[in-house]
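1. Using only what follows, build the 3D model:
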Amino acid sequence: MQQESWISKIAFFFNKVLALLTILAYILPFLAPKLFPFLSVLTLLMPLFIILNFIFFMIWVLQLKKKAFLSAVVLLIGFTFISKFYKFSETNLPESSHEFKLMSFNVRLFNLYEWLPEKNIPEQITDVIQDYNPDILCLQEYSPNDAVRLRNFPYKHIVLHGNRNKYGQAIYSKFEIVNTGEITFPNSSNNVIFADIVNQKDTVRVYSMHLQSIKISTDIHERLDENKSKFIFKRISNAFKEQQLQSELMKAHYDSCRYAKIVCGDMNNSAFSYVYRNIKDNMNDTFEEAGTGFGKSYNFKFYPARIDYIFVNDNIKVKDFRTNDQVKLSDHFPLMTRLEFKRD
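-> You can find the predicted model right below:
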């Protein structure tokens, strides 16, 4: 019998550690972050874990080794998680007179503090919105700006906070808004706003959310300069605990809603988290229903981060879903979907 090389032994040791971490990450969405806040950070790494398990699986298969069974089992257990990470095919159903289009976009205050060097970011964002021409538009990190031209929406609900520079969220609609409101979060400038919108004979409640940020820079050099990985992990775990409370307040609110629901916006967390599972509940993720690729919604270098979502009730058909990672006018990318109420 041929003796196993030390390289193979070391590789399989890391394979076993990876398998353990992946299984743990599978369990964490079912556990409240306040119970294990530090471990909850692992949910952000789930896509990387899945990719690495697949690489180990292929390495052992090509060598015809039984070690491949370990990663194969891990991948099979987490099969339902894969569609949250990557979609191989998309849905694009024909247009109809009954459908409506919704767009959700964290616009980062229309570049108020000049994070981007271009001077006409508000005008460019306006052009993107007009090109897609949504019937309902939800904007997170909204700030009043005279250069933003949204005149084709007769109805709107805008909630602003702050003193010198106002910021908040906005819902614009081509359909009548008959009721509005806000869900405030304790000790936080983040919030959720909602509007009850009448489209023909149907009334839908649209929630626009902006949950607590984990405050991780998109600049890799800035992260390295901090040189304090423990501090970063602690900051993320604290944010996850706040997001747990925010998601529970939000769910308690919309559980009492008698209308069909659409929940969209910036969750600041992955699709493998407790917060995602809690807010989504029994609704459908429009990316999983009709998207393709990674569904990347946040401009994070080297990593396909999906932290913005559109969820809909089961009585709403998802006909199309897109993100546009070529629109680099914010640190987020716009989400766009075509929807239609199911008829009996």
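
2. pLDDT weak spots in the stretch 101-250 of the chain?
-> For the stretch 101-250 of the chain, the stretches with pLDDT under 70 are 215-231.

3. any idea where the helices of it begin and end?
-> 121-132, 220-226, 229-254 (DSSP state H, counting those that start in this stretch).

4. Now tabulate those in a markdown table and tack on distance to Glu340 and mean neighbour count.
-> Where you see a C-beta, it was placed from the backbone N, CA and C, and this is true even at glycine. Listed next are the helices of the stretch 101-250 of the chain as a markdown table, based on distance: least, CB to CB, whole Å; neighbours: other CB atoms under 10 Å:
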| stretch | distance to Glu340 | mean neighbour count |
| --- | --- | --- |
| helix 121-132 | 17 | 17 |
| helix 220-226 | 42 | 10 |
| helix 229-254 | 21 | 18 |
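
5. what bridges to Val204?
-> Beta-bridge partners recorded for Val204 (DSSP bridges): Ile197, Ala260.

6. And it, how far from Glu289?
-> Look at Val204 and Glu289: by CB to CB, to the nearest Å, they are 17 Å apart.

7. So for the two, which residue has more residues nearby?
-> Just comparing Val204 and Glu289: by other CB atoms under 10 Å the higher neighbour count belongs to Val204, 24 against 21.

8. right, and the more buried one touches Tyr259 too?
-> Yes. Checked against CB atoms under 8 Å, the pair Val204 and Tyr259 is within contact range at 5.9 Å.

9. so what sits against both of the two?
-> Asp196 (CB atoms under 8 Å, 6 or more residues apart in numbering).

10. sorry, back to before: rebuild the helices of the stretch 101-250 of the chain as TSV, extending it with distance to Asp331.
-> What follows is those, written out as TSV (distance: least, CB to CB, whole Å):
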stretch	distance to Asp331
helix 121-132	12
helix 220-226	13
helix 229-254	16
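
11. Identify whichever of those helices lies nearest to Gln326.
-> Set against Gln326 and scored by CB to CB, the helices of the stretch 101-250 of the chain come closest in helix 121-132, at 10.0 Å.

12. So what's the residue count around Asp308?
-> Neighbours of Asp308 using other CB under 10 Å come to 26.

13. pretty sure it is in contact with Met267, am I right?
-> Yes. Assessed by CB under 8 Å, Asp308 is found in contact with Met267 at 6.9 Å.

14. May I have stretch 56-70 as PDB, with CA atoms only?
-> This file holds the C-alpha atoms of stretch 56-70, laid out as PDB (Å, rounded to 0.1, in the frame of the first residue of the first chain):
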ATOM      1  CA  PHE A  56     -11.500  20.100  -2.100                       C
ATOM      2  CA  PHE A  57     -14.100  17.800  -3.600                       C
ATOM      3  CA  MET A  58     -12.600  18.200  -7.100                       C
ATOM      4  CA  ILE A  59      -9.100  17.700  -5.800                       C
ATOM      5  CA  TRP A  60      -9.900  14.400  -4.100                       C
ATOM      6  CA  VAL A  61     -12.100  13.200  -7.000                       C
ATOM      7  CA  LEU A  62      -9.300  13.800  -9.500                       C
ATOM      8  CA  GLN A  63      -7.000  11.700  -7.300                       C
ATOM      9  CA  LEU A  64      -9.700   9.000  -7.000                       C
ATOM     10  CA  LYS A  65      -9.600   9.300  -3.200                       C
ATOM     11  CA  LYS A  66     -12.400   8.500  -0.800                       C
ATOM     12  CA  LYS A  67     -11.700  11.800   1.000                       C
ATOM     13  CA  ALA A  68     -14.000  13.400  -1.600                       C
ATOM     14  CA  PHE A  69     -17.000  12.000   0.400                       C
ATOM     15  CA  LEU A  70     -16.500  14.500   3.200                       C
END
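
15. Flag every buried residue along that stretch.
-> 56-57, 59-60, 67-68, 70 (16 or more other CB atoms under 10 Å).

16. go on, stretch 195-210?
-> So for stretch 195-210, counting by 16+ other CB under 10 Å, buried means 195-199, 202-210.

17. from these, which two are the most distant?
-> The widest separation within the buried residues of stretch 195-210 (CB to CB) is 26.0 Å, between Asp202 and His210.

18. How is Phe36 classified with respect to secondary structure?
-> coil (DSSP: H, G, I helix; E, B strand; the rest coil).

19. next one: phi and psi at it?
-> phi -140, psi 70 (degrees, to the nearest 10).

20. now Asn187
-> phi 50, psi 40.

21. What is the burial count for it?
-> Counted with other CB under 10 Å, Asn187 comes out at 6.

22. repeat for the one 4 residues further on
-> Applying other CB under 10 Å, we find 20 other residues in the vicinity of Asn191.

23. can you pull the contacts of it?
-> Contacts of Asn191 (CB under 8 Å, 6+ apart): 159, 161, 168-169, 182-185, 210.

24. Emit the ChimeraX select command for whichever of those residues are buried.
-> In ChimeraX syntax, the buried subset of these is picked out as below (16+ other CB under 10 Å):
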select :159,168,169,183,185,210
